[in-house]
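**Q** need a structure here:
(4 chains)
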Protein chains: 2
Amino acid sequence: MSLRYAVLGFLSLRPLTGYDLKKYFDASVRQFWTADQAQIYRALSQLVDDGLAEVEIVEQDGRPNRKEHHITQAGLTELDQWLRAPLAPQPVREPFLVKVFFAGRLSTTDSAGMIDARIVAALNQLGILRAIAADAATVLTSEPPGPVRLLTTATLENGIRHVVTELDWLRDLRQDLADIPAGALRMRDRLTSVGQASLPKNNDKSAEKQ
Amino acid sequence: MSLRYAVLGFLSLRPLTGYDLKKYFDASVRQFWTADQAQIYRALSQLVDDGLAEVEIVEQDGRPNRKEHHITQAGLTELDQWLRAPLAPQPVREPFLVKVFFAGRLSTTDSAGMIDARIVAALNQLGILRAIAADAATVLTSEPPGPVRLLTTATLENGIRHVVTELDWLRDLRQDLADIPAGALRMRDRLTSVGQASLPKNNDKSAEKQ
DNA sequence: GGCCGCTATGGGACTTGTCATATATAGGTT
DNA sequence: AACCTATATATGACAAGTCCCATAGCGGCC
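**A** The predicted model follows:
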């Protein structure tokens, strides 16, 4: 749903072809939003249908012509509206937690293995993000300091922090598993010390959908 | 994709109808895996087709008959295999980060508003999770301490920690926005101090798909 | 002579989400 | 007494979104 707006976002920076867009996605937002070629092209033609973008064909010799998509005024206002609108609470989907939830069936060795594998994956991910950050830090020095730079780097920061959080949690869990039953008690204490609020009746159809 | 296995997981505990399952989902895994009725029933009949579960019809007077789904031996082994197998890296999809990424278009006031709204949402979510935790803490005392209890409570802990991380990040971002341009520098420093690894060529088709 | 970079398009499979509908009983409202 | 609504239980159709894969044409590089 927000693929449409991500595309609009890029178009708001400069006119682009589908091919360009694919590269932009991979180079920048890939960590929090993936899209394949087909999706991008479809989104583009839909934007054109809706009058949010216009195509200008740029002849080239040798290569195929570029179909440059220029954002229209309507496109800009729609983008801004989306940016300002509250986001619909999106459904959560964490397969790994499902595994953990049912991992009681496994031997302690096996569940430990499961966690270890996940730790490796998280470390790997952390490496990737940090590399991007290092890269961005050098590239972005060209961009003047200010809100734009701040916001784009913030998305990276977000990813890094969440991975670190995940790592911490995994290590604690690993540890708790190692020294059962003392571990079980420790974990329970963490929970009780934390929980206190009252459960709001939670049928929230509130925010609109996007 | 892992809806199938979540259902199997519950069936491994006791035989259940689709209706039961829906309630189980809502009561326990709702925070990290949602499924609606239709999905659950579809998953069930697919499990039966694949020989991973069998239906026993229990006659009732008054209510519609119960179609109890019993997990088969094949079902159990498939569940265990899934639990042990590494998880395919799943595509990320964070609409809010997309917004942040393009929020440079907005006035500082508007982007601050966007962040504030998100802070409210996160606080709300935190309240929900803590309430569940408090609830679970009392309920689970019946369950003996050990791996099972440890693992199920761990999933809650995970949610809580991530929400807290998100909150911290939001507040920092909010703050950095407030005191631009000093903030911009601060955020960049965070990144440079953190990034150091080298970018692994990252076309990872590695783990198998589930 | 083959593969890679550009550039674009189309089809099909699968997953998700939404909505509608069916039936029977119990319990509360007017 | 008539009526509504909630609870328990199950199923089917369809729209929308995502993913994957295939194809097509040209030019440059190894």
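**Q** so how far is A:Tyr5 from the residue most central in space within chain A?
**A** Nearest to the geometric centre of chain A sits A:Phe32, at 2.0 Å (C-alpha atoms, centre = their mean). A:Phe32 sits 13 Å away from A:Tyr5, taking C-beta to C-beta, to the nearest Å as the criterion. For the C-beta atoms, the positions are set from N, CA and C on the backbone; glycine is no exception.
**Q** can you check A:Leu44 too?
**A** With distances taken as C-beta to C-beta, A:Leu44 is found 13 Å from A:Tyr5.
**Q** next one: A:Ala121
**A** A:Ala121 is 29 Å from A:Tyr5, by C-beta to C-beta.
**Q** circling back to that earlier point, show me what contacts the residue nearest to the centre of chain A?
**A** Contact analysis of A:Phe32 by C-beta atoms under 8 Å, 6 or more residues apart in numbering or on different chains lists A:Thr155, A:Asn158, A:Gly159, B:Val92, B:Arg93, B:Glu94, B:Leu97, B:Val98, B:Phe101.
**Q** just A:Ser28 next, same as before
**A** A:Ser28 neighbours (C-beta under 8 Å, 6+ apart): A:Thr152, B:Phe101.
**Q** Need the phi and psi values for it.
**A** Dihedral pair for A:Ser28: phi -120, psi -60, per degrees, to the nearest 10.
**Q** and what of A:Glu68?
**A** phi -80, psi 130.
**Q** now it: how far from chain B?
**A** Distance, A:Glu68 to chain B, using C-beta to the nearest C-beta, to the nearest Å: 20 Å.
**Q** which stretches of chain A form strands?
**A** When assigned using DSSP state E, the strands of chain A occupy the ranges A:53-58, A:66-71.
**Q** lowest-confidence stretch among those strands?
**A** Among those, strand A:53-58 carries the lowest mean pLDDT, a mean of 90.
**Q** name the helices or strands packed onto it?
**A** With contacts defined as 3 or more C-beta pairs under 8 Å, 6 or more residues apart in numbering or on different chains; DSSP states H and E, strand A:53-58 has these neighbours: helix A:37-49, strand A:66-71.
**Q** With mean neighbour count added, can I get those in CSV?
**A** What follows is the helices and strands packed on strand A:53-58, written out as CSV (neighbours: other C-beta atoms under 10 Å in any protein chain shown):
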stretch, mean neighbour count
helix A:37-49, 16
strand A:66-71, 19
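**Q** Can you lay out those as TSV showing distance to A:Gln81?
**A** Formatted as TSV, these follow (distance: least, C-beta to C-beta, whole Å):
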stretch	distance to A:Gln81
helix A:37-49	15
strand A:66-71	14
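**Q** Relative to B:Arg14, which of those is closest?
**A** Of all the helices and strands packed on strand A:53-58, it is helix A:37-49 that lies closest to B:Arg14, at 41.7 Å by C-beta to C-beta.
**Q** just to revisit the earlier point, to B:Leu87, which of the strands of chain A lies closest?
**A** strand A:66-71 (36.6 Å).
**Q** now the angle from the closest one to helix A:37-49?
**A** Strand A:66-71 and helix A:37-49 are oriented at 60 degrees to each other (axes from the mean of the first three to the mean of the last three C-alpha atoms, to 10 degrees).
**Q** and strand A:66-71, is it in reach of DNA strand C?
**A** Yes - using C-beta under 7 Å from any atom of the strand, strand A:66-71 reaches DNA strand C at A:Arg66, A:Lys67.
**Q** now do stretch A:46-56
**A** No - for stretch A:46-56, no contact with DNA strand C is found by C-beta under 7 Å from any atom of the strand; the gap never falls below 8.1 Å.
**Q** check contacts around A:Arg84.
**A** B:Leu106, B:Asp110, B:Gly113, B:Met114.
**Q** Check the residues you listed one by one and keep those near chain A.
**A** The residues of the contacts of A:Arg84 that also fall near chain A, by C-beta under 8 Å from any C-beta of the partner chain, are B:Leu106, B:Asp110, B:Gly113, B:Met114.
**Q** Could you list the low-confidence segments of chain A?
**A** In the predicted model, chain A carries pLDDT under 70 at residues A:62, A:139-145, A:180-210.
**Q** For it, which residues are neighbours of DNA strand C?
**A** So far as C-beta under 7 Å from any atom of the strand goes, chain A lies against DNA strand C at A:17-20, A:37-38, A:41, A:44-45, A:60, A:63-67, A:91, A:209.
**Q** Can you sort out which of those residues also neighbour DNA strand D?
**A** Answer for the residues of chain A next to DNA strand C near DNA strand D (C-beta under 7 Å from any atom of the strand): A:Gln37, A:Ala38, A:Arg63, A:Pro64.
**Q** For the first one, which residues are in contact?
**A** Translated: A:Gln37. A:Gly18, A:Lys22.
**Q** at 10 Å what do you get?
**A** Applying C-beta atoms under 10 Å, 6 or more residues apart in numbering or on different chains, we find A:Gln37 in contact with A:Gly18, A:Tyr19, A:Leu21, A:Lys22, A:Phe25.
**Q** ok, now the second one?
**A** Taking C-beta under 10 Å, 6+ apart as the contact definition, A:Ala38 lies against A:Gly18, A:Lys22.
**Q** does A:Leu133 really touch A:Gly159, like I thought?
**A** I think there's a mix-up here, since residue A:133 is Ala and not Leu. Yes - proximity of A:Ala133 to A:Gly159 meets the contact threshold set by C-beta atoms under 10 Å, at 9.0 Å.
**Q** Quick check: A:Asp26 vs DNA strand D, distance?
**A** 13 Å (C-beta to the nearest atom of the strand, to the nearest Å).
**Q** go on, A:Asp172?
**A** A:Asp172 is 30 Å from DNA strand D, by C-beta to the nearest atom of the strand.
**Q** To what extent is the closest residue to A:Glu59 other than its chain neighbours buried, counted in neighbours?
**A** In this structure, A:Glu59 finds its nearest non-sequential neighbour in A:Asn65, 5.6 Å apart by C-beta to C-beta, 6 or more residues apart in numbering or on different chains. Neighbours of A:Asn65 under the rule other C-beta atoms under 10 Å in any protein chain shown: 11.
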